[in-house]
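Peer 1: below are the sequence and a predicted model; questions follow.
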Amino acid sequence: METSLSLDFLKTYWSAAQFATNIVIFMNLAGAMLLGLIVGYERSYHGRAAGMRTYGLVCTASASLIVISGFPTFWFGGHALVSPMADPTRVIQGIVTGIGFLGAGVIMKEGFSISGLSTAASIWTTSAIGILVGVGFYATAILVTALSVISMMWVYKIENWLPSRKSIHITMRFQEGYMAREELVGIFIRENGYDIATGTLAIGYSGKQAEWSFIAIAQDKNIARSLPILSDELNALEGIDTFHLSRARN
């Protein structure tokens, strides 16, 4: 095998077959980038940290790693010292594992609220789109892109239309020396259309002030008080010093 650095040796990296293969790979990567940008635009539109650039790069990188495994005879200009044995399934496993770490980085937990799950799932889906493009399932990749965008943009409207039980995170700090009673707090919560979720009540003390924190689940979304109205009710509740209300997102 010729290994000296000669013009003929360098020409093998730019042979007609090698050039044609690179054109095919380029078209795959361009298509993967486009599909990734389409999915990422929805996240950018809704102000998420991971936007078009992140999704485009994930999809393109996934496609590039899988598409080269389909042309092992062209690796190293066709001058591999041993015949390469490409196994796309192992490449796919590595991609899925790596994307898992990226997805974990966008999931944030604050108290009882968890955010970023949809973004993490869509990043993982985008890597699958890149893999589909890389192995040549273009129609399937386009379909998965369309389903992903539809899911993130319109499924929440179906969720809002279907019967559901919204949940909120409530933190109540009582006045110094005030002895709060669970049954009275429970009655107040029920009167406002909520139930205290089992196992979520946490009680702490700051000096002589008791602080209660729990998740309240709406009995019915049509009768549960909104956050502004509930805040007014809490402000008038006996023994309350300060409080904090927020949606328990997941």
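Peer 2: Right, received. Where do you want to start?
Peer 1: and the chain, what are its domains?
Peer 2: As assigned by automatic domain parsing, the chain contains the domains 7-161, 167-247.
Peer 1: any chance of the ones you listed in a markdown table with mean neighbour count as columns?
Peer 2: C-beta: built from backbone N, CA, C; applies to glycine. Shown next, in a markdown table, are the domains of the chain (neighbours: other C-beta atoms under 10 Å):
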| stretch | mean neighbour count |
| --- | --- |
| domain 7-161 | 16 |
| domain 167-247 | 15 |
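Peer 1: lowest average pLDDT across the ones you listed?
Peer 2: Note on the domains of the chain: domain 7-161 shows the lowest mean pLDDT, a mean of 80.
Peer 1: show me what the host helix or strand of Y205 is packed up against.
Peer 2: Assigned by DSSP states H and E, Y205 belongs to strand 202-206. Counting contacts by 3 or more C-beta pairs under 8 Å, 6 or more residues apart in numbering; DSSP states H and E, strand 202-206 packs against strand 209-218.
Peer 1: the inter-axis angle of the strand it packs on versus strand 202-206?
Peer 2: Per axes from the mean of the first three to the mean of the last three C-alpha atoms, to 10 degrees, the angle that strand 209-218 makes with strand 202-206 is 150 degrees.
Peer 1: list of residues touching strand 209-218?
Peer 2: Residues outside strand 209-218 that contact it (C-beta atoms under 8 Å, 6 or more residues apart in numbering): 111-112, 165-176, 178-180, 185, 189, 193-197, 200-205, 224, 241, 248.
Peer 1: mind listing what it pairs with, with the direction of each?
Peer 2: Partner strands and pairing direction for strand 209-218 (DSSP bridges) are strand 167-174 (antiparallel), strand 194-196 (antiparallel), strand 202-206 (antiparallel).
Peer 1: give me the contacts around the last one.
Peer 2: Pointing back at strand 202-206 there. Residues outside strand 202-206 that contact it (C-beta under 8 Å, 6+ apart) are R173, A210, E211, W212, S213, F214.
Peer 1: JSON lines for these, including distance to V149?
Peer 2: Shown next, in JSON lines, are the contacts of strand 202-206 (distance: C-beta to C-beta, whole Å):
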{"residue": "R173", "distance to V149": "43"}
{"residue": "A210", "distance to V149": "48"}
{"residue": "E211", "distance to V149": "43"}
{"residue": "W212", "distance to V149": "42"}
{"residue": "S213", "distance to V149": "37"}
{"residue": "F214", "distance to V149": "37"}
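Peer 1: closest one of the residues you listed to W14?
Peer 2: Nearest to W14 among these: S213, at 66.1 Å, using C-beta to C-beta.
Peer 1: what pairs with that closest one across the strands?
Peer 2: Beta-bridge partners, per DSSP bridges, of S213: T171, A202.
Peer 1: so how far is T73 from it?
Peer 2: Plainly put, S213 is 62 Å away from T73 if you go by C-beta to C-beta, to the nearest Å.
Peer 1: now do R90
Peer 2: Distance of R90 to T73, computed by C-beta to C-beta: 18 Å.
Peer 1: and for R181?
Peer 2: With C-beta to C-beta as the criterion, R181 and T73 are 77 Å apart.
Peer 1: equivalent analysis for A180, please.
Peer 2: Where T73 is concerned, A180 sits at a distance of 74 Å (C-beta to C-beta).
Peer 1: ok, now A146?
Peer 2: Relative to T73, and taking C-beta to C-beta, A146 is found at 35 Å.
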